[in-house]
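[1] sequence and computational prediction follow.
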Amino acid sequence: MSKYNTLWNYFKDKKEETIILTYEDIQNILGFPIDHSFLNYKKELKEFGYEAKKISMKEKKIIFIKTIGE
């Protein structure tokens, strides 16, 4: 079980083609801030139909795009 499962489950029933979440949004979903380990775990998200397309350290947001059911 990944420490990011709560975040991945957030995407499970989403239908949007693009979802933009700030680091603060993600912290609110997870209950803790993301760290560099997110880069290793982000590949797990593909099982839920999305991928992290762009991670902006400057703007502190991540753009996720739908990969399943396009």
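    It's in.
[2] so where's the chain uncertain?
    69-70 (pLDDT under 70).
[3] repeat that with 50
    The chain contains residues with pLDDT under 50 at 70.
[4] and the helices in it?
    Shown for the chain, the helices assigned by DSSP state H span residues 5-11, 23-30, 38-41.
[5] comparing those, which comes out most buried?
    helix 5-11 (a mean of 17; mean count of other CB atoms under 10 Å). For every residue, glycine as well, the C-beta is placed using N, CA and C.
[6] against which helices or strands is it packed?
    helix 23-30 (3 or more CB pairs under 8 Å, 6 or more residues apart in numbering; DSSP states H and E).
[7] which strands or helices does the helix it packs on pack on?
    helix 5-11, strand 61-66.
[8] which residues touch the longest one?
    Outside of helix 5-11, the residues within contact range by CB atoms under 8 Å, 6 or more residues apart in numbering are 2, 19, 26, 29-31, 44-45, 47-50, 64.
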